[in-house]
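Colleague: Sequence plus the predicted model coming up.
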Amino acid sequence: MTTEMTMPARGAGRGGPALRVVIALAFLLARLRPGRLRRLLTLISRGARPAHHAEVLEVYQAVVGTSRRCAGWYGCLPRSVAIALVCRLSGTWPDWCAGVRSSPPFAAHAWVEADGRPVGERGRSEDFRPLMVVTVREGGSGAGDRRGAGRR
């Protein structure tokens, strides 16, 4: 089975040295064990306010426009971490999710959600099953973590 993918044009994102540094950091963090990555992201997300879909989509486009590796099929983990970190720099935090695709092609996947829906992902919300979620509580008073809770 083949899956359609469209690669963004090189330089389509806002780029810049800071974004490139965050993307490089995301690739390093993506090498951590899942539990350690979740704990670290939970710590980083503390004190943030929930991000809105439009602002996270803008960050998503900047990340995939800057890094072709993040834009590719196998770049979902560093892409999702980079998006969360860039959002955190502006004081917000999307829901960071790691889990599986529940429709073909079945595979492990990481993504971000805002306003209750995946950002930049093809398919419906029902196509993804989170196993780990790092989110912030309403009001920005701290970070929470949901694991294995299924869909909201």
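Modeller: That came through fine. Residues are numbered from 1 along each chain as shown.

Colleague: Pull out the buried positions in stretch 119-127.
Modeller: For stretch 119-127, a neighbour-count test (16 or more other CB atoms under 10 Å) marks 119, 120, 121 as buried. The C-beta positions use only the backbone N, C-alpha and C, and glycine is treated the same way.

Colleague: Sorry, slip of the keys, the one I care about is stretch 55-72.
Modeller: By neighbour count on 16+ other CB under 10 Å, the buried set for stretch 55-72 is 56-57, 59-67, 70-71.

Colleague: Looking at those, spot the one nearest residue 96.
Modeller: For the buried residues of stretch 55-72, the residue nearest residue 96 by CB to CB is residue 56; the value is 10.7 Å.

Colleague: State the pLDDT value of the closest one.
Modeller: As predicted, residue 56 sits at a pLDDT of 97.

Colleague: List the contacts of it.
Modeller: Neighbouring residues of residue 56 by CB atoms under 8 Å, 6 or more residues apart in numbering: 83, 87, 92, 94, 112, 114, 119.

Colleague: and which of those residues is nearest residue 44?
Modeller: Set against residue 44, the nearest of those by CB to CB is residue 87 (10.4 Å).

Colleague: ok, back up a step: just flag the most distant two among the contacts of residue 56.
Modeller: By the measure CB to CB, 92 and 119 form the most distant pair in the contacts of residue 56, at 12.2 Å.

Colleague: returning to what we had before: secondary structure and pLDDT added to the contacts of residue 56, as CSV?
Modeller: Shown next, in CSV, are these (DSSP: H, G, I helix; E, B strand; the rest coil; pLDDT from 0 to 100):
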residue, secondary structure, pLDDT
83, helix, 98
87, helix, 97
92, strand, 97
94, coil, 98
112, strand, 96
114, strand, 96
119, coil, 96
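
Colleague: out of those, which are buried?
Modeller: Among those, those scoring as buried are 83, 87, 92, 94, 112, 114, 119 (criterion: 16+ other CB under 10 Å).
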